[in-house]
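[1] Let's see this in three dimensions:
(chains A, B, C and D)
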Protein chains: 2
Amino acid sequence: MPTHYNGSLSERRALDAYIKLMRSTAAINARLFPPLQAAFGITPSQLGVLEALLHLGPMPHCALAAKLLVSASNLTTVIDNLERDGLVRRDRDPKDRRVSITSLTPTGEARLAEFFPQHVERLVAAMNALEPGEQVELARLCRKLGTAASNLASHTHAD
Amino acid sequence: MPTHYNGSLSERRALDAYIKLMRSTAAINARLFPPLQAAFGITPSQLGVLEALLHLGPMPHCALAAKLLVSASNLTTVIDNLERDGLVRRDRDPKDRRVSITSLTPTGEARLAEFFPQHVERLVAAMNALEPGEQVELARLCRKLGTAASNLASHTHAD
DNA sequence: GGACTATAATTCGATATCGAAATAACCGAT
DNA sequence: ATCGGTTATTTCGATATCGAATTATAGTCC
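    Okay, here's the model as predicted:
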């Protein structure tokens, strides 16, 4: 008589999907990043920054933080380390001197060229555990889920 | 004439699925954890530990680390903080004095009871952006993906 | 039973991450 | 031209995270 568990069936379905979602991302990233870090000393966060700069060009700090979905203060730390290693540089925007624009250095571009193809290869290999149609379906479901989660602003005030 | 991009179509499919997978987990967790942390001071990692102890009972350190897919050294830090706050306790296993067994304290159980139902509610609400059938399909795809990624041991030696 | 090996947990140093507070620069109104 | 509010970035303190090294205990082999 599971009267206490009235939502249990749909709850278990949702929880199961959530857990598998979290585990699959953890498992994939556990395959993807350790080789990168061991061979090139590049952390996942650093890769995110380098990749964004490669694809989108030099960017203001806050735009980069928004793009990567991380806090500005966190990004400061990551860029500090990349700058120390000579992979990126910061310049003040002459139009608005509050703004710090980060860009790849030639060294950064060269480093990226060394490891990026391999990284993409590993990524594609990992995703190829799914058939093409399944990849498309996964992308669709994740987009639907992510969009909904992003749009829920602050509906969480319990009644 | 995209001769340079010979793998481009299947690559883009895989990359797209990967990106949406990562973004959806980030978006969902961004909805789930800040309220928990603001109202109860519980971090995501701490929740993981408390939840495992609730469902599985007292556990050796290394078993807990394996369960949560985190390193033992990381787990030490998380448990240190939980112990400091009185939510868990450590006891040496009398059978093997190397082993540290972590368990919930009455305070920990009480705290869990305060916030866990709300948390599950938020989680289910977030996942309900997908229809029941879609949740099942997402779970299947993620399980397939995660299992494959876990089984690839070290096939990454480039030729 | 003493030496060697293996395993459990912690410590250590580095990076990442957040929110709150501090700084600096811009902008609008007067 | 200044006051006050806004926005961009950094700083600070706390937690998380990992791998490598360390410490403590078990187990094994002779």
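
[2] Helices along chain A, start to end?
    All helices of chain A, identified by DSSP state H, fall at A:8-40, A:44-56, A:61-68, A:72-84, A:106-127, A:132-151.

[3] any residue of the fifth one up close to chain B?
    Yes. With Cβ under 8 Å from any Cβ of the partner chain as the measure, helix A:106-127 is seen reaching chain B through A:Gln118, A:Val120, A:Arg122, A:Leu123, A:Val124, A:Ala125, A:Ala126, A:Met127. The C-beta positions use only the backbone N, C-alpha and C, and glycine is treated the same way.

[4] Return the closest of those with respect to DNA strand C.
    Closest to DNA strand C out of those is A:Leu123 (17.3 Å), distances taken as Cβ to the nearest atom of the strand.

[5] which residues touch the closest one?
    Neighbouring residues of A:Leu123 by Cβ atoms under 8 Å, 6 or more residues apart in numbering or on different chains: A:Leu32, B:Ala14, B:Leu15, B:Tyr18.

[6] and if you look at A:Gly48?
    Contact analysis of A:Gly48 by Cβ under 8 Å, 6+ apart lists A:Leu68.

[7] if we go to 10 Å?
    Residues near A:Gly48 by Cβ atoms under 10 Å, 6 or more residues apart in numbering or on different chains: A:Leu64, A:Lys67, A:Leu68, A:Leu69, A:Val70, A:Leu75, A:Val78, B:Met22.

[8] buried stuff in stretch A:112-119?
    For stretch A:112-119, the buried set under the neighbour-count rule, 16 or more other Cβ atoms under 10 Å in any protein chain shown, comprises A:Leu112, A:Phe115, A:Phe116, A:His119.

[9] again, but for stretch A:60-80
    Across stretch A:60-80, burial judged by 16+ other Cβ under 10 Å covers A:His61, A:Leu64, A:Ala65, A:Leu68, A:Val70, A:Leu75, A:Val78, A:Ile79.

[10] In a markdown table, list these along with distance to A:Ala27 and pLDDT.
    Below are the buried residues of stretch A:60-80 laid out as a markdown table (distance: Cβ to Cβ, whole Å; pLDDT from 0 to 100):
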| residue | distance to A:Ala27 | pLDDT |
| --- | --- | --- |
| A:His61 | 32 | 98 |
| A:Leu64 | 28 | 98 |
| A:Ala65 | 27 | 97 |
| A:Leu68 | 22 | 96 |
| A:Val70 | 22 | 96 |
| A:Leu75 | 26 | 98 |
| A:Val78 | 24 | 98 |
| A:Ile79 | 29 | 98 |
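
[11] out of these, who's near DNA strand D?
    The subset of those within reach of DNA strand D, by Cβ under 7 Å from any atom of the strand, is A:His61, A:Ala65, A:Leu75, A:Ile79.

[12] Can you report how many residues lie near the closest residue to the first one other than its chain neighbours?
    Looking back up the chat, that one is A:His61. Counting by Cβ to Cβ, 6 or more residues apart in numbering or on different chains, A:His61 lies nearest to A:Ser100, which is 4.7 Å off, once chain neighbours are set aside. The burial count assigned to A:Ser100 is 16, neighbours taken as other Cβ atoms under 10 Å in any protein chain shown.

[13] next one: A:Thr102
    A:Thr102, neighbours per other Cβ under 10 Å, totals 21.

[14] again with A:Ala38
    A:Ala38 has 9 neighbours, counted by other Cβ under 10 Å.

[15] Equivalent analysis for A:Leu15, please.
    Using other Cβ under 10 Å, A:Leu15 has 17 neighbouring residues.
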